[in-house]
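**Q** Coordinates for the following, if possible.
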Amino acid sequence: MKYIMMTIPTFAIRSLLFLVISIYGCESTEDSGLFEQTFNNILSNSVIDSRYNKPPTFEEFKKGEKPTRDIAYIDSLAPLEIFIEKIPIQLEIDSLNINLPEDYHFVFTGRKDMVSYISQKKRSFKNEKFEVSFLKKIDYQSFFKNEKFDDPNFGGILQFSKALINDKKNKAVVLKRWSRSKLESIETLILFKKIEGKWKVLKYLPISMS
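**A** Have a look, this model is predicted:
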């Protein structure tokens, strides 16, 4: 009887631990290396500064052509204001009409991890070209009604999906959306590869433009 009374609490504890691991072990965790090592590249290549750039047409966008400059960059321009939503957007990889390289087909299988791309600890920062603010959640109905966002220095909103990472932890995929207004947005699938221990942007694949 003594043995039975001792084993019941042990069994209960083990069951509780198993339940906790099952619930929280599937939660996505943040790969800070992926964000920290690639975000500046994405920021520079994803945001169109309409103050001196001409956006590409959708056909040009699909061909990978970049915005063309109407005038030379003016050093006196204020930093472009970018807002980044921390809540991830959905990545329904099976619904995307896109051909991925064969070594990225892991996204269609169960042999992948899903982690947060955006650093939840990241704070707003400012440099010569950008003033970046990280917001937990954006209310789009009121966001674009604000007079501030008619300002030419408004650079838009960036949203990211969670990152799909292969089991070798050396390749990843993230969906990015850049919105300048309710009716103006660009979606791009970003392929990452770890090279010599550091994450690099391998390729930008155009998805949609409106």
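
**Q** helix or strand right after the lowest-mean-pLDDT helix or strand in the chain?
**A** Lowest on mean pLDDT, DSSP states H and E among the helices and strands of the chain sits helix 2-24, with a mean of 41. Per DSSP states H and E, the first helix or strand lying C-terminal to helix 2-24 is helix 32-46.

**Q** List the buried residues in that following helix.
**A** Residues of helix 32-46 classed as buried: 34-35, 37-39, 42-43, 46 (neighbour count, 16 or more other CB atoms under 10 Å). Yep, even glycine has a C-beta here, placed from its N, CA and C like the rest.

**Q** how about these in JSON lines, adding distance to K136 and pLDDT?
**A** Converted to JSON lines, these look like this (distance: CB to CB, whole Å; pLDDT from 0 to 100):
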{"residue": "L34", "distance to K136": "20", "pLDDT": "94"}
{"residue": "F35", "distance to K136": "16", "pLDDT": "92"}
{"residue": "Q37", "distance to K136": "23", "pLDDT": "94"}
{"residue": "T38", "distance to K136": "22", "pLDDT": "95"}
{"residue": "F39", "distance to K136": "18", "pLDDT": "92"}
{"residue": "I42", "distance to K136": "20", "pLDDT": "92"}
{"residue": "L43", "distance to K136": "19", "pLDDT": "88"}
{"residue": "S46", "distance to K136": "21", "pLDDT": "77"}
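
**Q** Dump those residues to CSV, plus distance to E81.
**A** Output for the buried residues of helix 32-46, formatted as CSV (distance: CB to CB, whole Å):
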residue, distance to E81
L34, 25
F35, 20
Q37, 24
T38, 21
F39, 16
I42, 17
L43, 12
S46, 15
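
**Q** Out of these, the closest to S119 would be?
**A** F35 (4.8 Å; CB to CB).

**Q** my read: F130 touches G156, true?
**A** No. Taking contacts as CB atoms under 8 Å, F130 lies outside contact range of G156: 11.1 Å.

**Q** Relative to K136, how far out is the nearest residue to K193 once chain neighbours are set aside?
**A** Spatial nearest neighbour of K193, excluding adjacent residues (CB to CB, 6 or more residues apart in numbering): L202 at 4.4 Å. Computed as CB to CB, to the nearest Å, the L202 to K136 distance reads 30 Å.

**Q** And these two? Which one has more around it.
**A** Under the neighbour definition other CB atoms under 10 Å, L202 and K136 were set side by side, and L202 has more, 18 against 8.
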